[in-house]
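*Asks:* Sequence first, then the predicted structure, then my questions.
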Amino acid sequence: HASLPLVINTWPFKNATFTAWSVLQAGGSVLDAVERGCARCEAEQCDGSVGYGGSPDESGETTLDAMIMNGNTMEVGAVADLRRIKNAIGVARAVLERTDHTLLVGESASVFAENMGFVAEDLTTNKSVNIFSQWLKGNCQPNYRKNVSPDPSTSCGPYRPRSTPTPRQQQQSERTRHANQRSHDTIGMVVLDGSGHIAAGTSTNGLTHKVPGRVGDSPIAGAGAYADSSAGGAAATGDGDVMMRFLPSYLAVELMRAGADPSAACEAAISRIKRHHSQFFGAIICANTTGHYGAACNKVSGFTQFHFMVSNPETDAPVLKS
Ligand code: SD4
């Protein structure tokens with residue numbers, strides 16, 4: 001299945017694939033394709049887990065993480081904990097092109113975005129308000145703090161320390177955590193053009209009920225995505241808190257550089273994390289410089305198959321693979 005150009009992205013986000021492909025066909029660059037493809041998901045709120053109105057944090061706010069990487073120049077632009085701006089990957093591209101920096105965060109990233117002409121607007125929707133109020137009613141469970149429990153004198157927070165959880169409680173919270181994550185689907189995309197240029201990017205609203213300020217793997221180069229036109233590109237999705245410690249996208253690209261085929265490289269990146277977190281939720285896609293691609297996920301109960309999209313000259317339209 002090696003042919004160029006190539007667009008691959010995580011999950012069945014077909015419109016994103018189609019958009020990226022159209023950008024390439026119209027003569028756009030691989031960076032344009034990644035940016036516009038991921039932006040399509042941001043606008044469509046793919047699965048509620050990309051863009052505005054999804055994954056409210058503990059305070060009810062939706063915040064966004066995104067990155068884009070140019071595999072020719074090894075430049076990266078990224079934003080994390082971005083507030084009130086819908087087009088996170090657009091802002092990431094502005095960080096790449098309009099600054100010497102790599103990653104801008106939080107309120108300051110929003111100010112930067114506004115200075116770059118992005119419109120500030122509320123990212124809250126009826127849906128995110130509902131998710132948040134359901135959570136408040138349910139005594140704010142699950143949350144992602146360790147060794148703390150909601151203060152019983154209030155419906156939830158402020159949080160206070162509690163004694164070490166019993167193994168049973170620990171197991172339960174692990175299970176909720178994984179169940180929660182599995183409904184959660186960042187877009188990660190890798191694009192190659194006909195002359196060997198590679199770009200990769202991600203966009204997500206992170207994790208529902210996250211602690212405000214929490215940043216996942218998606219905006220971290222080498223974790224959420226990586227591209228090096230001399231070796232390949234990769235992008236990851238899943239439990240970012242765990243995955244970002246292992247730089248799976250970087251690892252997959254380096255394994256392909258060393259000669260591993262893309263499927264084997266993806267498998268190895270997943271296995272590395274599995275050594276420490278056998279039940280983690282996550283998947284990765286990757287492609288080498290010749291347009292061979294592959295994917296792998298950690299097969300755990302409820303998640304035995306990972307779907308991703310592919311467009312290349314052999315497919316008439318974006319094709320769903322698993
Ligand atoms: C995060 N990696 O923020 C993202 C979430 C995700 O499928 O990809 N879920 O941790």
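*Replies:* Okay, I see it.
*Asks:* If you rank every helix and strand of the protein by mean pLDDT, what lands last?
*Replies:* When each helix and strand of the chain is scored by mean pLDDT, DSSP states H and E, strand 159-161 comes last, with a mean of 42.
*Asks:* What residues does the stretch 151-300 of the chain have near the ligand?
*Replies:* Contact residues, the stretch 151-300 of the chain versus the ligand (Cβ under 6 Å from any ligand atom): 184, 185, 186, 204, 206, 207, 216, 217, 218, 237, 238, 240. Quick note: C-beta positions are derived from backbone N, CA and C, even for glycine.
*Asks:* what about 5 Å?
*Replies:* 184, 185, 186, 204, 206, 216, 217, 237, 238, 240 (Cβ under 5 Å from any ligand atom).
*Asks:* In the residues you listed, which has the lowest confidence score?
*Replies:* Lowest in pLDDT among these is residue 184, which has 57.
*Asks:* Return the residues in contact with the nearest residue to residue 95 once chain neighbours are set aside.
*Replies:* Using Cβ to Cβ, 6 or more residues apart in numbering and skipping the chain neighbours, the partner closest in space to residue 95 is residue 77 (3.6 Å). Contacts for residue 77 (Cβ atoms under 8 Å, 6 or more residues apart in numbering) come out as 67, 68, 92, 93, 94, 95, 96, 97, 99, 102.
*Asks:* Could you do residue 212 as well?
*Replies:* Neighbours of residue 212 in contact, by Cβ under 8 Å, 6+ apart: 57, 58, 59, 61, 63.
*Asks:* quick one, strands of the stretch 101-250 of the chain?
*Replies:* All strands of the stretch 101-250 of the chain, identified by DSSP state E, counting those that start in this stretch, fall at 103-105, 148-150, 159-161, 187-192, 198-204, 225-228, 232-238.
*Asks:* neighbouring contacts of stretch 265-277?
*Replies:* Defining contact as Cβ under 8 Å, 6+ apart, one finds that stretch 265-277 is touched by 232, 234, 236, 239, 242-243, 246, 248-249, 251-253, 255-256, 260, 280, 282-286, 294-298.
*Asks:* Assumed residue 65 was part of a helix.
*Replies:* No - if the criterion is DSSP: H, G, I helix; E, B strand; the rest coil, then residue 65 is strand and not within a helix.
*Asks:* Surely it touches residue 202?
*Replies:* Yes - contact criterion Cβ atoms under 8 Å: residue 65 and residue 202 qualify, at 7.5 Å.
*Asks:* got any residues that touch both of the two?
*Replies:* By Cβ under 8 Å, 6+ apart, residue 65 and residue 202 have these common neighbours: 218, 219, 224.
*Asks:* Now, these that are in helices?
*Replies:* Residues of the shared contacts of residue 65 and residue 202 located in helices (DSSP state H): none.
*Asks:* any chance of those residues in CSV, with pLDDT and neighbour count too?
*Replies:* Formatted as CSV, the shared contacts of residue 65 and residue 202 follow (pLDDT from 0 to 100; neighbours: other Cβ atoms under 10 Å):
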residue, pLDDT, neighbour count
218, 98, 31
219, 98, 37
224, 98, 32
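*Asks:* Return the member of these nearest to the ligand.
*Replies:* Within the shared contacts of residue 65 and residue 202, proximity to the ligand (Cβ to the nearest ligand atom) peaks at residue 218, which comes in at 5.0 Å.
*Asks:* So which residues make contact with stretch 248-262?
*Replies:* 200, 221-228, 230-236, 264-266, 268-270, 272-273, 282, 284, 286-288, 292-294.
*Asks:* measure stretch 290-310 end to end?
*Replies:* Taking Cα to Cα, to the nearest Å, stretch 290-310 runs 15 Å from one end to the other.
*Asks:* Stretch 67-85 now?
*Replies:* Stretch 67-85 has an end-to-end distance of 14 Å (Cα to Cα).
*Asks:* on that earlier part again, can you confirm the residue nearest to residue 95 is in a helix?
*Replies:* No - going by three-state DSSP, the assignment for residue 77 is strand, not a helix.
*Asks:* how far away is it from the ligand?
*Replies:* Separation of residue 77 from the ligand (Cβ to the nearest ligand atom, to the nearest Å) stands at 18 Å.
*Asks:* Can you check the pLDDT for that residue?
*Replies:* Per-residue confidence at residue 77 stands at 98 (pLDDT).
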